[in-house]
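Student: Show me the folded form of this:
(chains A and B)
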2 protein chains.
Amino acid sequence: MLTRALGISSCLRRIATPNTIRRTIMTTNLQSRFDKLFGSIDALKPAFIERLGKAVEIPAVSGDETLRQQVVKKAHFLVDQLSTLGFTDIQLKHLGKQPPPTSIPDLQLPPVVLSRFGNDPSKKTVLVYGHYDVQPASLEDGWDTEPFKMFVDEKLQLMRGRGTTDDTGPLTGWLNVVQAHKNAGVELPVNLITCFEGMEESGSLGLDELIARESQGYFKGVDAVCISDNYWLGTKKPVLTYGLRGVNYYQTTVEGPAADLHSGIFGGVVAEPLVDLTQILSSLVDSKGKILVEGVDEMVAPLTEKERKLYESIDFSLDDLNAATGSETALYHKKEDILMHRWRYPSLSLHGIEGAFSSSGAKTVIPAKVHGKFSIRTVPDIDSAKLTKLVQDHCNKVFAKLGSPNRCSTELVHDGNYWVSDPHNASFTAAAKATKDVYGVEPDFTREGGSIPITLTFQDQLKCNVLLLPMGRGDDGAHSINEKLDISNFIGGMKVMSAYLHYYAESKEN
Amino acid sequence: MLTRALGISSCLRRIATPNTIRRTIMTTNLQSRFDKLFGSIDALKPAFIERLGKAVEIPAVSGDETLRQQVVKKAHFLVDQLSTLGFTDIQLKHLGKQPPPTSIPDLQLPPVVLSRFGNDPSKKTVLVYGHYDVQPASLEDGWDTEPFKMFVDEKLQLMRGRGTTDDTGPLTGWLNVVQAHKNAGVELPVNLITCFEGMEESGSLGLDELIARESQGYFKGVDAVCISDNYWLGTKKPVLTYGLRGVNYYQTTVEGPAADLHSGIFGGVVAEPLVDLTQILSSLVDSKGKILVEGVDEMVAPLTEKERKLYESIDFSLDDLNAATGSETALYHKKEDILMHRWRYPSLSLHGIEGAFSSSGAKTVIPAKVHGKFSIRTVPDIDSAKLTKLVQDHCNKVFAKLGSPNRCSTELVHDGNYWVSDPHNASFTAAAKATKDVYGVEPDFTREGGSIPITLTFQDQLKCNVLLLPMGRGDDGAHSINEKLDISNFIGGMKVMSAYLHYYAESKEN
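Tutor: Okay, here's the model as predicted:
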């Protein structure tokens, strides 16, 4: 497979015996292919930006049930693109009804888009995963330009729009890599399988089951999985990521009156659900970031000296964090403390309240039913089910103490497991070489505070290594306003993806 | 004035000496006029419902700056209606720019609509006040029908839509009263002045100054002010209202990061503004309704035995409160406790949070800047400025204790004073007679928990009595979803308004 893949001539093959000579030839050969590929990627830049722009225009917000048809529309957009590029066996995998709680009855989950490029049994097979759904966004949140109309800032050389970095940019990156190979006349060194889902921002509902079903079907023979859905730690140095936090998303509902009430008429004589909810939310975490739910800290794996040392060499500082948040709101000032609290300790964030007044101006309402939204980022060895029980017990206990006549319940909206991998396997090694070739530096090996719960599922179900290969930067504003992707990262990222496939094809291990 | 108004013939006048005879004649004469007027109101019912429907269709939400043009549109709608009905001297009084904080720069306040019907110096002059702006409303809040499309429920004999009871229904009621007089061929016994504002739901900004300016101008010679902008206590017995709570509306802002952040990447390493805000909001009031801001309770006038006795006779029970809230969420179970906490004690309500996630579903955002909204209903002898200082000091103190790197400030959005009147003056006495005539029962004399801050301004500036004459019922859902006005209250209310004008015209005092 190796020689064929590298196209070494039969003449050379006969005389080539020492490993050093072979390696030199391989490298030369690779270099020539990389030159063609990288040139092709540079030349296709306008087309790649245009493709991303078209994709960003579809407001595929999976968390907004009223936009579900837009999510489906984006799946069909991808099918068209894949088809045009020569992908085969394109399938829309339907996942059935979205489980409760939903506002729209019989709401269908968006489909997973599967496709192949190449099906050569002598080549390794790489499954690339991406998600085409995005976080909610609206101009009123404070965006400088329409979030669903991609703005190319020529001066700053970046593309702004919802999904540019999370995850439409990287996802279309894989399509572009195939196009670049074709244009450059370079054969793809592996079989590629795409697995693009539309529910990642809402807990990847239904995907676990699909992966289990297809592990011996569509995904049979996959050697490695590559996920490009995270970011560099800072803004300058590329990273490869070998660990992720999980996330458990909760919703605490307090309800009382049958409908919203006038605070003049009823203020002082009814128990206000929002008052109760505020008491509960304020009991979950303090302003120093300490989780107040009893029993959570006890589940966290203790820090070893070996692990602590890993953090010492990473290129990061308080300034990087402050630059990314645009503020001086850090809870920790030492590099190691910041990184550990981002990667290896759990955190609890309050996201907001549904059902209360949320506009500008003043409304004198007593909301009748309010939902407090919060999530806990999980790390080894937190057990999701046990955590949920602790959270529910905590909320119930705090509510009981209030002595309120309202009703209160806490439910898990979705959960996704944490993941930690070996950063020295074949896939990571190939990606490290590719990164060095493109960016001229060795990547930092990092973990992530964010969650891509499906990582663990791929690893367990397909019994193969999973690589996290970030494209964007730490200041891209994923999930925030003015989400962007630098053009240099878009182009550089696709070069790394391409080179990774070639290095991985070469490696002797899987 | 009395005889002329009653149209007693010169013959009768000469022979009528004993007071009892005169009263009988007056009553007979009034009865005949009331028969005509009430018949006219019944006959015009379809036209009156149609007028209200047209007015409700305009989404005149004063609290939503983006709808300001709709508020202005509704003012012009009223001008057209007044003009058609023969009102004269119709003026749109502009109030200038809305003071900060506003999102839209140079936002103009909606105009006040002034007009007259009659200008006979031998008649008393009654100023009727109403507001044409409404609270926010949208179908997604849970309305059964479009809030800005009035739905006439023939089965329940009610009209549903934003503003039906608060305050578009009562406001158009005054127009209808004039139309009913004209159709019945009954002369209006007083000069009527209308003062319709478009900013009541947002603190009546600019109106205080207008009333002061016009006290010796447009409003010169006003004998009494009648405001129909509140509700019966329950659903069966009419009331007249001699007291109101005031309201101070506050907004606490906590801001930190420059933009919203991803809770995976930043959760646990930045101080979250929403966590800080939740700590502050939870420190303001407890689940039993007790205000925790130090010094507020001390400003409340002590309860006297005489005052306590007033509450004993009022027709009200816990069941009424539960019926109005559609729940069993009452903080007090004894009638007197409920009414006192609604009318003569302050209350603090939490309304919501601007800037945080507020939709259905799940969004893993750390909001960068959040505004907590709450208000305090004020009573004698709470001083507004002193209260604001207590609230700001409290919030600052709680925030300082958190040791957060975020920034926090608390501002008064608007305030309006409480008001208490003498329920035995000429205006109240006339209204009591009118109510008895229409509904067959003596009204209860009540206070209100809600705020109509302008009441006090009218009383002070025009040096005259102010009467609060409610049209709707306690379960109308003002400020809530499915706001409605029963047709019987609409019709009955207009009959009371009409009869009130005649009784008041007759009375010897102002």
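
Student: my guess is A:Ala259 meets B:Trp143, correct?
Tutor: No. The pair A:Ala259 / B:Trp143 is not scored as a contact, 9.7 Å apart, by C-beta atoms under 8 Å. C-beta here means a position set from N, CA and C on the backbone, and glycine is covered the same way.

Student: Give the residues shared as contacts by these two.
Tutor: Residues touching both A:Ala259 and B:Trp143 (C-beta atoms under 8 Å, 6 or more residues apart in numbering or on different chains): B:Ile481, B:Asn482.

Student: Now the residue of the stretch 101-250 of chain A found nearest chain B: phi and psi?
Tutor: The stretch 101-250 of chain A approaches chain B most closely through A:Tyr249 (4.8 Å), counting by C-beta to the nearest C-beta. In terms of degrees, to the nearest 10, the main-chain angles of A:Tyr249 are phi -100, psi 130.

Student: That one: what's it in contact with?
Tutor: Going by C-beta under 8 Å, 6+ apart, the list of residues near A:Tyr249 reads A:Gly203, A:Lys373, A:Phe374, A:Ser375, A:Leu412, A:Val413, A:His414, A:Asp415, B:Ala362, B:Thr364.

Student: just those now: which is nearest B:Arg51?
Tutor: The shortest gap between B:Arg51 and any of the contacts of A:Tyr249 belongs to A:Lys373, at 43.6 Å (C-beta to C-beta).

Student: Tell me, how many residues neighbour the closest one?
Tutor: Applying other C-beta atoms under 10 Å in any protein chain shown, we find 26 residues neighbouring A:Lys373.

Student: separation between the spatially most central residue of chain A and B:His262?
Tutor: Centroid-nearest residue in chain A, with C-alpha atoms, centre = their mean: A:Asp229, separated by 3.9 Å. As defined by C-beta to C-beta, to the nearest Å, A:Asp229 lies at a distance of 12 Å from B:His262.

Student: same deal with A:Gly130?
Tutor: Taking C-beta to C-beta, one finds A:Gly130 at 17 Å from B:His262.

Student: thinking again about what came up before, tell me the secondary structure for the residue nearest to the centre of chain A?
Tutor: coil (DSSP: H, G, I helix; E, B strand; the rest coil).

Student: quick one: average pLDDT of stretch A:88-105?
Tutor: Averaging pLDDT along stretch A:88-105 gives 92.

Student: If we go by neighbour counts, what in that stretch is buried?
Tutor: Going by neighbour count (16 or more other C-beta atoms under 10 Å in any protein chain shown), the buried part of stretch A:88-105 is A:Lys93, A:Leu95, A:Gln98.

Student: Secondary structure for those - can I get that in a markdown table?
Tutor: Formatted as a markdown table, the buried residues of stretch A:88-105 follow (three-state DSSP):
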| residue | secondary structure |
| --- | --- |
| A:Lys93 | strand |
| A:Leu95 | coil |
| A:Gln98 | coil |
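
Student: and those residues near chain B, which?
Tutor: For chain B, no contacts are drawn from the buried residues of stretch A:88-105 by C-beta under 8 Å from any C-beta of the partner chain.

Student: what number of residues lie near the nearest residue to A:Ser358 once chain neighbours are set aside?
Tutor: Spatially, and ignoring its direct neighbours in sequence, A:Ser358 is nearest to B:Ser358 (3.6 Å; C-beta to C-beta, 6 or more residues apart in numbering or on different chains). Residues near B:Ser358, counting by other C-beta under 10 Å, number 22.
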